[in-house]
Structure formats: C-alpha cells, structure tokens
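Colleague: Quick one: sequence plus predicted model below, questions after.
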Amino acid sequence: MTDALDLKAKLGLDVFKTGGAPHIRIREGQERAPRLRRMPSLCPAGLYSEGDGGAITLTVDGCLECGTCRLVCGPEVLEWDYPEGGAGVQYRYG
Ligand code: SF4
C-alpha cells in the first residue's frame, strides 16, 4: 500500500521531536563557504536554502540525521551533533 508513496509523502510519515538548541549550526562567517553552498541540492530533507546574497541558512527541524552535511562541509564549516536524547527523527517507513 505505502509503496506508491513518493519521497515527500514517505518523509511525512516520520515524526520529528525538537530538542533544546539546534543540533547542527553553521559556524559564524561560514555562511558562504563553497562546501556549504552545495547543501541546498544535497540535503535529502531540503533543510538548507540560499538567500539573495548567497548566504546559506539551515532549519534543523525535519533533519534525517543522515550526516551528509557533516561529511560534505566538515567541522570547519558546521558544528554537528546528534540531537539530545529523546529528540530528533523517528522513522516510520523504510
Ligand atoms: S544531517 Fe542530512 S538531513 Fe540533516 S541537515 Fe544534514 S544533510 Fe540534511
């Protein structure tokens, strides 16, 4: 039955619990870093976006904790941790 769902619908079945502070943060001064500018097209949850001036912003609600941005950007660009215990994604499909 759920095999007919597209990716967006499947992601909509997941539950996201927000914790305290965001678990991923763009380091100050890195908003236009070339590696970070790749993320709007790489993040599977679509959480990165590019503003008018080319600065990248991130909203962590809905993060799949896949680690793609951590690997692509590295610790010089992102502070990356898993969410606090009890927060984050709960997969409901696949
Ligand atoms: S961990 Fe994955 S889903 Fe979360 S912000 Fe990074 S690329 Fe997007």
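Modeller: Received the coordinates, thanks.
Colleague: CA only for contacts and neighbour counts going forward, please
Modeller: Fine.
Colleague: residues contacting the spatially most central residue of the chain?
Modeller: Of all residues in the chain, the one closest to the mean position by CA atoms, centre = their mean is residue 63, 4.2 Å from it. Contacts for residue 63 were tallied using CA atoms under 8 Å, 6 or more residues apart in numbering; they are 16, 45, 47, 88-89.
Colleague: Let's see that with 10 Å instead.
Modeller: 16-18, 23-24, 43-47, 83, 88-89 (CA atoms under 10 Å, 6 or more residues apart in numbering).
Colleague: restrict those to those near the ligand?
Modeller: 43-45, 47 (CA under 6 Å from any ligand atom).
Colleague: of all those, which two lie farthest apart?
Modeller: For the ones next to the ligand among the contacts of residue 63, with distances taken as CA to CA, the pair at the greatest spread is 44 and 47 (8.0 Å).
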